[in-house]
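> Below are the sequence and a predicted model for it; my questions follow.
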Amino acid sequence: MPELPEVETIRRHLAPSVEGRTLEHLDVLDPRFSTPLAPGQLSAALDGRVVERLARRGKYLIFELSDEAHLFLHLRMTGTLLIDPEPPRPAHARVVFDLGDHELVFVDPRRFGTGELALGDAARDAFLDARLGLEPFDEAFTTDHLRRLAKASRAPVKAFLLDQKKLAGVGNIYADEALYRARIHPLRITNTLRRPQLDALRSGVLEALEAGIAAKGASIDDFRDPYGVQGSFQDQFLVHLREGEPCGRCGTTVVKLRAAGRGTYVCPRCQPVPRRRRPQAAAARPASAPARSARTSSW
Ligand SMILES: [Zn+2]
């Protein structure tokens, strides 16, 4: 699934061809894309408006059109956008944006991609606030901010990173890369992370995302930029998909495990398995040792 760097790559490629153009017609070929709106309702709301800005928030690409009409495009699993593809029309084309001198085609074999409408800036903000936490590159994403979020989470840290309401834009690839950089095991419980680790995690997230954007995204599934070109970040993964290969830092063999329901890659030496939490050990201690309990409680 495209994550922040892939969507940002698309945005940067497309913006010059899209911004300032009039959306002559939005042709929704697959009604599932616009649900709950019918295709005709979505195009009636957008046709004839100027694309003032192509924005991104988390994994959403946002077409900001004149008079505060906003289209949130989410690529989900297999969505790609192609600008001016050669005829015939590509297989699995689901939506065609007629922009006058350009044609933008949304291609999506698995059909999970969505286009949602918000009319008015207040509706746009409400849509995003209900779904997304801070942008990683927002200057408000500080270690203190991360610490407040982490303190409230008893989830494993990988699941925490994938939660778009905590932090927007990080998915399976960049969570693995960030945790490896920060030397944190993905199953570590988030609220047990100490400040230096949260510092390292914040840096790890930013560095992984920056590297992904610099490489124009990762193409491991269907990701292509709007000209059909693959990104190259998959060639620079430090740990993701590197099962059986030596860790670049310590030489230990990278292993694959499951975390947050996803295939997850770790260096077992750089990212040690979390120790059991003390409350569980205390609960297992026999009740006939009160003196010891009293002593250990002052640790
Ligand atoms: Zn290592």
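The structure has been received and is ready for your questions.
> Could you report the separation of the closest residue to Cys267 other than its chain neighbours from Tyr60?
Spatially, and ignoring its direct neighbours in sequence, Cys267 is nearest to Cys247 (3.9 Å; Cβ to Cβ, 6 or more residues apart in numbering). C-beta coordinates here come from the backbone N, C-alpha and C atoms, glycine included. As for Cys247, its distance to Tyr60 is 34 Å (criterion: Cβ to Cβ, to the nearest Å).
> So if I had to pick from those two, which one is more boxed in?
Tyr60 (23 against 20; other Cβ atoms under 10 Å).
> do you know how far the more buried one is from Gly115?
10 Å.
> now Val107
Applying Cβ to Cβ, the value for Val107 to Gly115 is 14 Å.
> and what of Thr80?
Applying Cβ to Cβ to Thr80 and Gly115 gives a distance of 14 Å.
> and the closest residue to Ala152 other than its chain neighbours, how many residues sit next to it?
The spatial neighbour of Ala152 that comes closest, neighbours along the chain excluded (Cβ to Cβ, 6+ apart), is Asn191 at 7.2 Å. If you count neighbours by other Cβ under 10 Å, Asn191 ends up with 15.
> how about the helices in the protein?
Assigned by DSSP state H, the helices in the chain fall at 4-18, 31-34, 39-46, 121-131, 143-151, 157-162, 172-182, 195-214, 278-284, 290-296.
> could I get those as TSV with distance to Ser66?
Formatted as TSV, the helices of the chain follow (distance: least, Cβ to Cβ, whole Å):
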stretch	distance to Ser66
helix 4-18	13
helix 31-34	20
helix 39-46	10
helix 121-131	12
helix 143-151	34
helix 157-162	35
helix 172-182	34
helix 195-214	29
helix 278-284	57
helix 290-296	67
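> if we compare the ones you listed, which one ends up closest to Val229?
helix 4-18 (8.9 Å; Cβ to Cβ).
> Now do Ala260, the pLDDT please.
According to the prediction, Ala260 has pLDDT 95.
> can you pull the contacts of it?
Taking Cβ atoms under 8 Å, 6 or more residues apart in numbering as the contact definition, Ala260 lies against 156, 158-159, 162, 186.
> cool, Ala38 as well?
Pro31.
> now Ala168
Per Cβ under 8 Å, 6+ apart, neighbours of Ala168: 4, 57-59, 132-136.
> so where do the strands sit in the stretch 51-200 of the chain?
Ranges of strands in the stretch 51-200 of the chain, per DSSP state E, counting those that start in this stretch, are 51-57, 60-65, 69-74, 80-83, 93-98, 103-107, 114-119.
> and the fifth one, which strands flank it?
In the sheet containing strand 93-98, its partner strands are strand 25-28 (antiparallel), strand 103-107 (antiparallel), by DSSP bridges.
> same question, the third one
Looking at strand 69-74 with DSSP bridges, its partner strands are strand 60-65 (antiparallel), strand 114-119 (antiparallel).
> repeat for the shortest one
With DSSP bridges as the criterion, the sheet partners recorded for strand 80-83 are strand 103-107 (antiparallel).
> from the middle of its chain, how far away would the strand it pairs with be?
The chain centroid and the centroid of strand 103-107 are separated by 22 Å under Cα atoms, centre = their mean, to the nearest Å.
> try stretch 105-113
Using Cα atoms, centre = their mean, the offset of stretch 105-113 from its chain centre is 18 Å.
> what sits up against that stretch?
Outside stretch 105-113, the residues touching it (Cβ under 8 Å, 6+ apart) are 30, 32-33, 73-82, 85, 89-97, 115, 222.
> hmm, 10 Å instead?
Residues external to stretch 105-113 that are found in contact with it (Cβ atoms under 10 Å, 6 or more residues apart in numbering): 1-2, 27-30, 32-33, 73-85, 89-97, 114-115, 221-222, 224, 226, 228.
> if we can go back for a sec, wait, isn't the residue nearest to Ala152 in contact with Arg154?
Yes - the criterion here is Cβ atoms under 10 Å, and Asn191 meets it with Arg154 at 5.8 Å.
> so what sits against both of those two?
With Cβ under 10 Å, 6+ apart, Asn191 and Arg154 have common neighbours Phe160.
> low pLDDT regions in the stretch 101-250 of the chain?
Applying pLDDT under 70 to the stretch 101-250 of the chain flags residues 221-222.
> what does it have sitting close to the ion?
247, 249-250 (Cβ under 5 Å from the ion).
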